[in-house]
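# attaching a predicted model along with its sequence, questions to come.
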Amino acid sequence: MSRALVLAVAAALALSACARPVNQVMVRSERLAAAAPVAARKLPRLSCAYRLTEVADLRADRNHAGGLGRHQLMLDDAPTLVREQLRKTGMAVADDPAADAATRQVSVQIKQLYLTQNQVTKIPVAVYSVQVDDQAPFVIRAQSATMNWNGSEDEAFEALSAALTDANAQLVATLNKGCAQPKG
């Protein structure tokens, strides 16, 4: 056997031993809520009435949300995740009879929602385009890099949950600034 053939076989065996199967993990709202860091579990409340009229998922690949280590996050209903968190802030939803005609209308477009990584850092990203009534849309972006400790599934959920919570907290803070101003 030639030396080149032995080296090729050895390299192929070595690389196949390093390959790990990908673990596709479906992201569910109850698991995200449970994975949220303690400080992030309490969202701020709205200071005045807003009604969420739309949450649209405009991400290029709506089923994938990045991953961490061998864990690939699958996200098939991002609008429900965002809607559920915003309801916890006191925001009414489109069919809520408690919201009257004077309530400001909020439309959220999810532009990005994913988790990426490098050797030592994990970066969860959430980007929304938000429009209130007929005002110009504005962008909300949450991206807080943290240390990648062991690339576990729980760590991936915690990071994605933190990005969602941060984006929604930023949105509530921005909306609350408009509470002192009259509608229109």
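Structure's in. What do you need? Numbering: from 1, shown residues only.
# so Ala156, which state does it fall into?
helix (DSSP: H, G, I helix; E, B strand; the rest coil).
# show me what contacts it?
Val25, Gly67, Leu68, Gly69, His71, Leu73, Leu115, Lys122 (C-beta atoms under 8 Å, 6 or more residues apart in numbering). For every residue, glycine as well, the C-beta is placed using N, CA and C.
# now do stretch 84-94, average pLDDT.
Averaging pLDDT along stretch 84-94 gives 90.
# top strand in the chain by residue count?
Looking across the chain with DSSP state E, the single longest strand is strand 104-117.
# name the helices or strands packed onto the very next helix or strand once past that one?
Later in the chain than strand 104-117, the nearest helix or strand by DSSP states H and E is strand 121-132. Applying 3 or more C-beta pairs under 8 Å, 6 or more residues apart in numbering; DSSP states H and E, one finds that strand 121-132 contacts strand 104-117, strand 138-143, strand 146-147, helix 153-177.
# what do you get if the cut-off is 10 Å, keeping everything else the same?
strand 50-57, strand 64-68, helix 78-87, strand 104-117, strand 138-143, strand 146-147, helix 153-177 (3 or more C-beta pairs under 10 Å, 6 or more residues apart in numbering; DSSP states H and E).
# C-alpha coordinates for that strand, PDB please?
Presented in PDB, the C-alpha positions along strand 121-132 are these (Å, rounded to 0.1, in the frame of the first residue of the first chain):
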ATOM      1  CA  THR A 121     -19.200  33.700  21.500                       C
ATOM      2  CA  LYS A 122     -22.900  33.100  20.800                       C
ATOM      3  CA  ILE A 123     -24.800  35.900  19.200                       C
ATOM      4  CA  PRO A 124     -28.600  35.800  19.300                       C
ATOM      5  CA  VAL A 125     -30.300  38.300  17.000                       C
ATOM      6  CA  ALA A 126     -33.800  39.700  16.800                       C
ATOM      7  CA  VAL A 127     -34.700  42.500  14.400                       C
ATOM      8  CA  TYR A 128     -38.200  44.000  14.000                       C
ATOM      9  CA  SER A 129     -39.600  46.700  11.800                       C
ATOM     10  CA  VAL A 130     -42.400  48.300  13.700                       C
ATOM     11  CA  GLN A 131     -45.100  50.800  12.600                       C
ATOM     12  CA  VAL A 132     -47.500  52.600  14.900                       C
END
